[in-house]
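> got a structure for you, letters missing:
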DNA sequence: TGTCTCATTTTTTTT
DNA sequence: AAATGAGACA
């Protein structure tokens, strides 16, 4: 039964069989972390522990799924199926649904995603009459999130001197009030945001001794993956669940902690042995993934960080090639290089396409690379950009389901009340919301019965509202009786969502229709899968799952091996024979936002993660200029390149290519990152006026702008045919300055293909 | 109300 | 470049 233990090395085996009491497994990159977790679970099962007594928490859905599959392969699906395995969020959300009454929530609570949250915040800021420029929803949302991650309720927040001081410094004096109102609003909508799932889970355990006992007796063995990425709240929950047996095993690598922006606290892993006295420590230091050069290079990099748990990661594979660093003239050339490298690598048999991964710091970098891959006909797959469930039409469709199941869900209501158009406009909705908030009721209540809440709207508008309410209400019964798929089909048909998409003959309309069909298909699939396990599926079951799906495998049917493109964050836990890391430039990687040493160190860990994804070869690229936010910016090589010992690098690729721009318009750099108040005249206008010698139009209307760096001024062509100056860029594109004669006296700059002068 | 146009702003990573 | 916001106009 347990001969599989032979497949482990000594350190791994020790970590696997030491099941009683707390243990901390520090697992260097590529040292078989997942292996230890899966084998530990398999081992527990082989010792007669029931799968329903094991709780395994992971960071992503994908990790959970893969681990489950691996366990099923070891011990059979009939055990694996009953394991409690999933992300923190999904497991806790299931428990919270079960126990929702205890925290005074309805069973069918909605989970608000970050878009919903920001929208709520925006409304609150507006209603409080605050400046939206000052109180940016994203900023507010992240502060609230941090508070929740640290278990601070609005009341705690208001009582926290440090936070209040900090808010003052950021000129967010009403922060605490917004937090308070935000939570109230969510409660009213019977909704939780991502952080509430954790916050409330902790609350549930803290306030109910019986539940604490119930769940800690169910979860007799607890395993936590990626422990370095957990936040304070998560660690408290785990602590409560683990007691009194404390059969808890956490696995992680402090060197790979890259989620502090999400509240992850590296102290959790560093302080684990304080929280759980007598915890055993296991160190996995042998890397099975990468060649020595790669491991050594990564080690030399991470050594530049302070405050690590000492460990000595080593590889016993061959030395392998050095890491190839190359410089490129601009982002397009960089993309071209990447595509060619992959093409050649494939031809010379280094790997199939799916053996290559291109990693980058930001999603925005993927586009150019995609373009170049496509030019060479290389199949690729992008992970994690706009996921299927984030598309507008899908969110709209789901909002209908949400609203039917949970009529208090104001965000869902707002999304769909005028989609497809029903003649219910902004003004009406403004009034509805005002009325609802004043009466402390969900918006849907006002929509259903405007009279009762004395809504000040025209009779015609009121009729439209009640009509909409009737439509939604007519679905309510079906939601409870019908199968999810049948229900979804009905709703999309009767609300005309489907027909609206079908009527749209544009390419995007076609796409939208296909996507809706695909959504129906996936509901169908979901329902079928559950039927095979003997469970009926209602739409609420689907909703409970879908809101926590993010990267969800948009199951590609074809089996074509594809190159993977993703952010480094998304690449954590994966490995590829050949890894290409793009955009190693200051202001990009490390990100321009990383200022403090702490933040820089996190960026460095990110680079460490990127390098250690590679099994055999690693390419690192950077560009001298890059198109960013509609402007060309100049960049210098990342400081991180200097952090790797020279002996592991092959820097020959840096010498060939460099072309410094011959002529650089001085304003290109000086305009970058200038504060708005220092700009008396719109920058674009000034630029143009400077270059052309023309005066800006009287009303100082800004002008669309696009000057290429490294361009050479020749003459310009104006709309009326006069030629003054042209900008030639590296022989490929030119920019013509035009004088737009129709309408306002505005100046326009346009790109045009270059006919050689 | 809804649609179009023009201007401004955005800057990371994600359960 | 792309998304958001404001204002004009039908």
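The structure has been received and is ready for your questions. Treat the numbers as computed from the prediction; the structure is a model and nothing was measured. Numbers count the residues shown, from 1 in each chain, chains lettered A, B, ... in the order given.
> May I ask you to confirm that residue A:120 belongs to a strand?
No: under the criterion used here (DSSP: H, G, I helix; E, B strand; the rest coil), residue A:120 is helix, not part of a strand.
> For residue A:335, see how far away residue A:635 is.
15 Å (Cβ to Cβ, to the nearest Å). Yep, even glycine has a C-beta here, placed from its N, CA and C like the rest.
> Give the residue from the two that has the larger number of neighbours.
Taking neighbours as other Cβ atoms under 10 Å, residue A:635 and residue A:335 compare with residue A:335 leading, 25 against 20.
> The more buried one is in what secondary structure piece?
When elements are defined using DSSP states H and E, residue A:335 is found to belong to helix A:331-347.
> Now do the phi/psi pair for the closest residue to DNA strand C within chain A.
Nearest to DNA strand C in chain A, going by Cβ to the nearest atom of the strand, is residue A:630, at a distance of 2.6 Å. Comment: the main-chain dihedrals of residue A:630 come out as phi 70, psi 10, following degrees, to the nearest 10.
> Give me the number of neighbouring residues for it.
For residue A:630, the tally of surrounding residues (other Cβ under 10 Å) stands at 8.
> Give me the pLDDT value at it.
Residue A:630 carries a pLDDT score of 74 in this model.
> Could you do residue A:742 as well?
28.
> Repeat that for residue A:239.
Per-residue confidence (pLDDT) for residue A:239: 95.
> Quick one: neighbours of the closest residue to it other than its chain neighbours, just the number.
Excluding its sequence neighbours, the residue lying closest to residue A:239 (Cβ to Cβ, 6 or more residues apart in numbering) is residue A:275, at 6.2 Å. Other residues within reach of residue A:275, judged by other Cβ under 10 Å, total 18.
> pretty sure residue A:275 is touching residue A:236, no?
No: here residue A:275 does not reach residue A:236: they are 9.5 Å apart, not a contact under Cβ atoms under 8 Å.
> tell me the phi and psi of the nearest residue to residue A:586 once chain neighbours are set aside?
The shortest distance from residue A:586 to any non-neighbouring residue, by Cβ to Cβ, 6+ apart, is to residue A:636 (5.1 Å). Recorded main-chain torsions at residue A:636 are phi -110, psi 160, according to degrees, to the nearest 10.
> wait, does stretch A:60-72 contact DNA strand B?
Yes: counting by Cβ under 7 Å from any atom of the strand, DNA strand B has neighbours in stretch A:60-72: A:60, A:61.
> could you give me the average pLDDT of that stretch?
87.
> One more: stretch A:633-642?
Model confidence over stretch A:633-642 averages 89 on the pLDDT scale.
> Next: stretch A:84-91.
Here stretch A:84-91 scores 93 as its mean pLDDT.
> do the same with stretch A:455-471
For stretch A:455-471, the per-residue pLDDT values average out at 85.
> Any residue of it touching DNA strand B?
Yes: shown here: stretch A:455-471 in contact with DNA strand B (Cβ under 7 Å from any atom of the strand) through A:457, A:461.
> Tell me the buried residues in that stretch?
Within stretch A:455-471, the residues scored as buried using 16 or more other Cβ atoms under 10 Å are A:455, A:457, A:461, A:462, A:464, A:465, A:468, A:469, A:471.
> wouldn't the last one be in contact with residue A:494 here?
If I follow you right, that is residue A:471. Yes: applying Cβ under 8 Å as the test, residue A:471 and residue A:494 come out as touching, 7.4 Å apart.
> got the residue ranges for the helices in the stretch 201-350 of chain A?
In the stretch 201-350 of chain A, helices defined by DSSP state H, counting those that start in this stretch lie at A:209-218, A:232-242, A:267-270, A:272-275, A:292-302, A:331-347, listed in chain order.
> May I have the secondary structure class of residue A:620?
Assigned with three-state DSSP, residue A:620 falls in the strand class.
> That one pairs with what?
The bridge-partner assignment for residue A:620, based on DSSP bridges, gives residue A:325, residue A:581.
> and it, how many residues sit next to it?
Counted with other Cβ under 10 Å, the burial measure for residue A:620 works out to 29 neighbours.
> now the one 3 residues further on
Per other Cβ under 10 Å, the neighbour tally for residue A:623 reads 28.
> ok, and does the helix or strand where it lies reach over to DNA strand C?
Following DSSP H and E, one finds residue A:623 within strand A:614-628. Yes: taking Cβ under 7 Å from any atom of the strand as the criterion, strand A:614-628 and DNA strand C are in contact, through residue A:627.
> near DNA strand B, anything from that strand?
Yes: against DNA strand B, strand A:614-628 shows contacts by Cβ under 7 Å from any atom of the strand at residue A:628.
> So which of the helices of the stretch 201-350 of chain A is the most surrounded?
Ranked by mean neighbour count, the helices of the stretch 201-350 of chain A are led by helix A:292-302 with a mean of 24 (mean count of other Cβ atoms under 10 Å).
> Check which helices and strands that helix sits against.
For helix A:292-302, the elements it packs on are strand A:314-315, strand A:323-330, helix A:597-611, strand A:614-628, helix A:640-643, judged by 3 or more Cβ pairs under 8 Å, 6 or more residues apart in numbering; DSSP states H and E.
> hmm, who's touching the first one?
Read that as strand A:314-315. Surrounding strand A:314-315, the residues in contact under the criterion Cβ atoms under 8 Å, 6 or more residues apart in numbering are A:30, A:285, A:286, A:287, A:288, A:289, A:290, A:291, A:292, A:294, A:295, A:296.
> my read: the second one touches residue A:309, true?
Translated: residue A:285. No: taking Cβ under 8 Å as the contact criterion, residue A:285 and residue A:309 are not neighbours in contact, 11.1 Å apart.
> So for those two, which sits in the more crowded spot?
Residue environment comparison for residue A:285 versus residue A:309 gives the larger neighbour count to residue A:309, 17 against 13, counting by other Cβ under 10 Å.
> which non-adjacent residue is nearest the more buried one?
If the residues on either side of it in the chain are set aside, residue A:309 comes closest to residue A:254, at 5.1 Å by Cβ to Cβ, 6+ apart.
> Mind listing what's buried along the longest helix anywhere in chain A?
In chain A, ranked by residue count with DSSP state H as the criterion, the top helix is helix A:507-532. By neighbour count on 16+ other Cβ under 10 Å, the buried set for helix A:507-532 is A:512, A:513, A:515, A:516, A:519, A:520, A:522, A:523, A:524, A:526, A:527, A:530.
> May I have the residues that are in contact with the third one?
In other words, residue A:515. A:388, A:391, A:393, A:394.
> can you pull the contacts of residue A:137?
Taking Cβ under 8 Å, 6+ apart as the test, what residue A:137 contacts is A:118, A:119, A:121, A:122, A:125.
> how deep is residue A:425 tucked in, by neighbour count?
There are 12 residues near residue A:425, going by other Cβ under 10 Å.
> Where does the prediction get shaky in chain A?
The model of chain A has pLDDT under 70 over residues A:1-2, A:384-387, A:505-508, A:550-558, A:656-757.
> at 50 what do you get?
Counting by pLDDT under 50, the ranges of chain A that qualify are A:659-757.
> follow-up on the earlier one: so of the buried residues of stretch A:455-471, which ones are in helices?
The subset of the buried residues of stretch A:455-471 that ends up in helices is A:461, A:462, A:464, A:465, A:468, A:469, A:471, with DSSP H as the criterion.
> Just give me the closest of the contacts of residue A:515 to DNA strand B.
Using Cβ to the nearest atom of the strand, residue A:388 comes nearest to DNA strand B of those, at 12.2 Å.
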